[in-house]
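Trainee: A predicted structure for the sequence below; I have some questions about it.
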Amino acid sequence: MKIKNILIITLVLAVLFTIAGCRDDSQKSEISQSTENKKQIYNEQIQDGIDIIKLNDVKEDTSKIYEADYQTDKKSQIDILKKKRKYTMKSPLLVENPYGTISNGLYIYFRTKGKRSFEYKVSTKGYPDFEAKLNNGGVNNLSTEHEYMLLGAIPGEENTITLYKLNKKGKRVRSVKFIFVPEKIKNDYGYQKQVEDGKSKQKLSNGLYVMFRNDITKGSGGICTVMFDNEGVVRCIIPIINYRTNRLLFDKKGMYLEVSRNKIVRMESTGYVNRIYSTGIYDLHHDMIFGKKNDLLVCATTRDSDVEEDMIISVNLESGKVSEFIDMKKLLSDYYDNAVWGDYRGTLDWVHINSLAFTSDGGLLISGRETSTIIKVKEPYKTKDVDYLIGSKNFYKETVYKTKVLKRIGKFSLQGGQHSLQVINDNSLKNDQYYLVLYNNNYTNSTYGATLYNWRDDKNYYNQGFTKSGKGEDVVSYYYKYLVDEKRRTVRLVDSIDVTYSSILSSVQVYQDNIITLSGNPHVINEFDSEGRLIRRFVSPSKGYTYRCYKYDFEKFWFYNK
């Protein structure tokens, strides 16, 4: 019996040890698998004791980047990394361009015991330093959780990034440094613009200039939206799929931008795309603004149509539903039906919408390049009636719209082939008055020869550039500022600035206390003071077209400027 008991006990122990061994092997297997998953997620490169992580399976094909599955997958990877350990200022989580949306961006995450704010500096040999105070979304910009996208690094260069902790008075009390070398990008825009200072002593406005560029030349690093600072140094590069971004819009949920001819995205400050809007059969072009019904109003062309750039669509921000908003063939039907098209063949570009802006009463201004006209639509969400036109009465004398053209007060040449409308309401003005800022290309010859109207014989224009190249050094384009009086039905030119001639493209912007202009063909960007004196000029070496250049402070998005 004793021997039997001993054998039984021995057998039981053997089984237990075997089970324990199997469990141990199973645990080892799970740990091994976890480690393997970690390797699949990212590679770590240690720089001065701080890990810079680059996620694996980052797509080089930009069209794949702007897909929901790709973005959510990368977001999940970041969330896993955030839970890996406790990150501090001295040992933060650093990930190079995790979502593929900011080519030279560095994501950073860490926590602090008390509520703090931070700023940083990027130092690169051969370039001026870049400094900014980071926005953390907390009350008074104070938080214990810190998640940022650090802009400013020069691709292919060794960038020293210094992170500063601030006390409650905004003074720097501690710092940490790390090295970041973003991937080099072959490009045609250069990392620093040619800079020329003007005679004005006024300071440049705060922010980043954003170049909205057309498809760029082959052999460069792909299509992108480029941002540069007051020293002309490129600080942010956003790759897009095709065509161009036309404008940036912001709300509490993120930054909206076009990334292709039929896709709009909403991006968080970390670079994560949290919403993608597809416009289906409508190809986007030229402009996008917030509407009045929780929507975006976007210039569009119906694909496979025999006319182009004469449609505005509405994109609902909640549902993503796309609907036709204004069809210019219906809005200006009398002109469209009776216009003489001559021998033109192909897709007809008869009005060429290139800019949208709301007036204070909810009316919608539409810039039509081919007609050198600005159209105001009254009650655009209801009756969609033409209220008035800013343009030449001669152009419309054979149509029902001749009585709707505002009267020109004073002697000045009307805008020709204009771009980039901006409405400015001023408390000094009377009711029914507003300022309208625009880029007067001073080019009235229809770009694609759509109409046979003889602009040369129209006395409302003079000193025009009737060809794309102009007619000598005396031909210029202009920053124009109109005073529009809706009650008296008049338009008066109250300010203008001569700028480098550009027959097409181009933009103007009244920004903070200054005026910013872009002449798109020669890539000349100016910042003037309020009196029209040049503060600084930037010339880009880009080979492709630059459609617009607007400046943004990115307040409470990337930066906190208070």
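Mentor: Structure received.

Trainee: could I get the full set of strands for the stretch 251-400 of the chain?
Mentor: Ranges of strands within the stretch 251-400 of the chain are 254-260, 263-267, 273-278, 282-290, 295-302, 311-316, 322-327, 353-358, 364-368, 373-378, 385-390, based on DSSP state E, counting those that start in this stretch.

Trainee: so for residue 443, which of the ones you listed sits nearest?
Mentor: Taking CB to CB, strand 353-358 is the member of the strands of the stretch 251-400 of the chain nearest to residue 443, at 12.7 Å. All C-beta atoms are positioned from the backbone trio N, CA, C, and that covers glycine.

Trainee: quick one: average pLDDT of the closest one?
Mentor: Taken as a whole, strand 353-358 has a mean pLDDT of 98.

Trainee: just the CA trace of it, in CSV.
Mentor: C-alpha atoms of strand 353-358 as CSV (Å, rounded to 0.1, in the frame of the first residue of the first chain):
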residue,chain,number,x,y,z
ILE,A,353,-16.1,80.2,-60.1
ASN,A,354,-13.0,80.8,-58.1
SER,A,355,-14.0,82.4,-54.8
LEU,A,356,-16.8,82.4,-52.3
ALA,A,357,-17.6,84.8,-49.4
PHE,A,358,-20.6,85.6,-47.2
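
Trainee: ok, residues contacting it?
Mentor: Strand 353-358 is contacted by residues 285-289, 292, 297, 299, 309-312, 328, 364-369, 418-423, 438 when judged by CB atoms under 8 Å, 6 or more residues apart in numbering.

Trainee: counting neighbours, what do you get for residue 112?
Mentor: By other CB atoms under 10 Å, 16 other residues sit near residue 112.

Trainee: so, low pLDDT: which residues of this structure?
Mentor: 1-50, 215-221, 339-346, 445-452, 466-473 (pLDDT under 70).

Trainee: helix or strand for residue 78, just tell me which one.
Mentor: Using DSSP states H and E, residue 78 sits in helix 68-82.

Trainee: buried ones only from the contacts of strand 353-358, please, as a ChimeraX command.
Mentor: To isolate the buried members of the contacts of strand 353-358 in ChimeraX, using 16 or more other CB atoms under 10 Å:
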select :285,286,287,288,289,297,299,309,310,311,312,328,364,365,366,367,368,369,418,419,420,421,422,438
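
Trainee: quick one: the helices in the stretch 451-562 of the chain?
Mentor: With DSSP state H, counting those that start in this stretch as the criterion, the stretch 451-562 of the chain has no helices.

Trainee: which residues sit against the helix or strand that the helix holding residue 78 is followed by?
Mentor: From helix 68-82 onward toward the C-terminus, using DSSP H and E, the following helix or strand is strand 93-96. Strand 93-96 is contacted from outside by 42, 50-55, 78, 81-82, 84, 87, 105-110, 178, 180, 182-183, using CB under 8 Å, 6+ apart.

Trainee: rewinding a little: any idea which of the strands of the stretch 251-400 of the chain gets closest to residue 399?
Mentor: strand 385-390 (10.0 Å).

Trainee: got the CA coordinates for the closest one in CSV?
Mentor: In CSV, the C-alpha atoms belonging to strand 385-390 read as follows (Å, rounded to 0.1, in the frame of the first residue of the first chain):
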residue,chain,number,x,y,z
ASP,A,385,-32.0,85.2,-56.5
VAL,A,386,-29.3,87.4,-58.1
ASP,A,387,-29.2,90.6,-55.9
TYR,A,388,-26.5,92.5,-57.8
LEU,A,389,-23.4,92.2,-59.9
ILE,A,390,-20.0,94.0,-59.6
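
Trainee: whichever helix or strand comes after that strand: partners in the sheet, and parallel or antiparallel?
Mentor: Next helix or strand after strand 385-390 toward the C-terminus (DSSP H and E): strand 407-409. Sheet pairing for strand 407-409, assigned by DSSP bridges, gives strand 490-499 (parallel).

Trainee: pull out the buried residues from the partner strand.
Mentor: So strand 490-499, judged by 16+ other CB under 10 Å, has buried residues 490, 491, 492, 493, 495, 496, 497, 499.

Trainee: wouldn't the fourth one be in contact with residue 479 here?
Mentor: By that I understand residue 493. No. Taking CB atoms under 8 Å as the definition, residue 493 is not a contact partner of residue 479, at 11.0 Å.

Trainee: follow-up on the earlier one: please flag which of the contacts of strand 93-96 sit within strands.
Mentor: 42, 50-55, 106-110, 178, 180 (DSSP state E).

Trainee: out of these, which comes closest to residue 317?
Mentor: Distance to residue 317, by CB to CB, is smallest for residue 107 among the ones in strands among the contacts of strand 93-96, at 25.9 Å.

Trainee: from residue 231, how far off is the nearest residue to the closest one once chain neighbours are set aside?
Mentor: Once flanking residues are discounted, residue 107 sits nearest to residue 95: 4.3 Å by CB to CB, 6 or more residues apart in numbering. Noted for residue 95: a distance of 27 Å to residue 231, by CB to CB, to the nearest Å.

Trainee: tell me which of those two has more neighbours.
Mentor: When neighbours are counted by other CB under 10 Å, residue 95 comes out ahead of the other of residue 95 and residue 231, with 25 against 16.

Trainee: bridged to that one, which residues?
Mentor: Residues in beta-bridge contact with residue 95 (DSSP bridges): residue 53, residue 107.

Trainee: ok, now residue 161?
Mentor: Those that pair with residue 161 in a beta bridge, by DSSP bridges, are residue 122, residue 178.

Trainee: I figured it hits residue 121, correct?
Mentor: Yes. Using CB under 8 Å, residue 161 makes contact with residue 121 at a distance of 7.3 Å.

Trainee: between the two, who's got more neighbours?
Mentor: Shown here are residue 161 and residue 121; by other CB under 10 Å, residue 161 has more neighbours (22 against 16).

Trainee: ok, now which ones touch the more buried one?
Mentor: Contacts of residue 161 by CB under 8 Å, 6+ apart are 106, 120, 121, 122, 123, 150, 153, 177, 178, 179, 180.

Trainee: so which of those comes closest to residue 138?
Mentor: Scanning these for proximity to residue 138, where the rule is CB to CB, the winner is residue 120, at 17.0 Å.

Trainee: neighbours around the closest one, how many?
Mentor: Around residue 120 there are 21 residues (other CB under 10 Å).

Trainee: roughly how far does it sit from residue 557?
Mentor: For residue 120, the distance to residue 557 - CB to CB - is 16 Å.

Trainee: and the most centrally placed residue in the chain, backbone torsions?
Mentor: Centroid-nearest residue in the chain, with CA atoms, centre = their mean: residue 248, separated by 3.6 Å. Taking degrees, to the nearest 10, you get phi -110, psi 140 for the backbone angles of residue 248.

Trainee: got the contact list for it?
Mentor: Applying CB under 8 Å, 6+ apart, the residues near residue 248 are 210, 255, 256, 257, 550, 552.

Trainee: of these - the most surrounded one?
Mentor: residue 257 leads the contacts of residue 248 on contacts (other CB under 10 Å) with 24 neighbours.

Trainee: not counting its neighbours along the chain, what's nearest that residue?
Mentor: residue 245 (4.7 Å).

Trainee: quick one: secondary structure of that neighbour?
Mentor: coil (DSSP: H, G, I helix; E, B strand; the rest coil).

Trainee: quick one, what contacts residue 194?
Mentor: 232, 538, 539, 540, 541.

Trainee: cool, residue 59 as well?
Mentor: Residues counted as contacts of residue 59 (CB under 8 Å, 6+ apart) are 65, 70, 100.

Trainee: now do the SS call for the residue nearest to the second one when sequence neighbours are not counted.
Mentor: Pointing back at residue 70 there. Leaving aside its chain neighbours, residue 70 sits nearest to residue 64 (5.8 Å; criterion: CB to CB, 6+ apart). For residue 64, the assignment made with three-state DSSP gives helix.

Trainee: gap between residue 64 and residue 114?
Mentor: Residue 64 is 42 Å from residue 114, by CB to CB.

Trainee: and residue 313, by the same measure?
Mentor: 49 Å.

Trainee: check residue 366 too.
Mentor: Counting by CB to CB, the separation of residue 366 from residue 114 is 52 Å.
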